[in-house]
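Chemist: the following comprises the amino acid sequence and a computationally predicted model.
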Amino acid sequence: MKIKRIIKYYLFNESVKEMELNKILDKVSNRKSLTTRERNFLELYKTTREEDMKDFLYISKNSAFKKISELLEIGKKVICDLHDRNGKIGLDITGIENNFEEDTCIITMKGDEKHQLHDKFLYNLIYSIKKDQYSLQEQDEYFEKIESKNED
């Protein structure tokens, strides 16, 4: 099932919004009952923008800050699925601060937990249709090559 979604999304350029609508319409045509979430989706279909259901992949620390700030401002739920020394965090993000001068970005979560985003990572913001929330995840850590001249 997930492979079909990937093929439609990338090869046929079908949006997540259109795929969800088609899935619901298939249920209706097969005379199956709709869940509350699916009924809400149909009610809000016209007012929901593609941007509201989009994944953001391979974004920098500063782009993650900007997007998380925008999502929190419009009332979207964002879960911190980053890892620390204890494993996956899995808490709701309640705020985010970016200090450009000191090059730090701190996310604040439920229970006043804090975690720092770093420039050496790329991040993903993945949207879950079923939960109507975003998940902040690490994508990759990258390193810059520093060339050195050998005087010998």
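Modeler: Noted; the coordinates are in hand. In this text, all values refer to a predicted model and were calculated from it rather than measured experimentally.

Chemist: and the residue positioned nearest the centre of the chain, what are its bridge partners?
Modeler: Centroid-nearest residue in the chain: Leu125, 1.9 Å away (criterion: CA atoms, centre = their mean). Here Leu125 sits in beta bridges with Phe56, Leu136, going by DSSP bridges.

Chemist: wait, it sits on Leu136?
Modeler: Yes. In this structure Leu125 lies within contact range of Leu136 using CB atoms under 8 Å: 5.9 Å. Where you see a C-beta, it was placed from the backbone N, CA and C, and this is true even at glycine.

Chemist: helices of the protein, residue ranges please.
Modeler: 2-10, 16-29, 36-43, 61-73 (DSSP state H).

Chemist: and the pLDDT at the residue nearest to the centre of the chain?
Modeler: Predicted confidence (pLDDT) for Leu125: 92.

Chemist: for it, give its distance to Thr108.
Modeler: Per CB to CB, to the nearest Å, Leu125 is found 17 Å from Thr108.

Chemist: can you give me the distance of the closest residue to Ala64 other than its chain neighbours to Asn30?
Modeler: Spatial nearest neighbour of Ala64, excluding adjacent residues (CB to CB, 6 or more residues apart in numbering): Tyr123 at 4.4 Å. Here the criterion is CB to CB. By it, Tyr123 lies 39 Å from Asn30.

Chemist: who has more neighbours out of those two?
Modeler: Tyr123 (23 against 7; other CB atoms under 10 Å).

Chemist: coming back round to it: most packed of the helices of the chain?
Modeler: helix 61-73 (a mean of 17; mean count of other CB atoms under 10 Å).

Chemist: residues contacting Leu122?
Modeler: Counting by CB atoms under 8 Å, 6 or more residues apart in numbering, Leu122 touches Tyr58, Ile59, Ser60, Glu138, Gln139, Asp140, Tyr142.

Chemist: got a markdown table for the residues you listed, with neighbour count, distance to Met19 and pLDDT too?
Modeler: Conversion of these to a markdown table gives the following (neighbours: other CB atoms under 10 Å; distance: CB to CB, whole Å; pLDDT from 0 to 100):
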| residue | neighbour count | distance to Met19 | pLDDT |
| --- | --- | --- | --- |
| Tyr58 | 10 | 22 | 89 |
| Ile59 | 19 | 23 | 91 |
| Ser60 | 13 | 28 | 90 |
| Glu138 | 14 | 26 | 91 |
| Gln139 | 12 | 23 | 85 |
| Asp140 | 10 | 27 | 81 |
| Tyr142 | 9 | 31 | 74 |
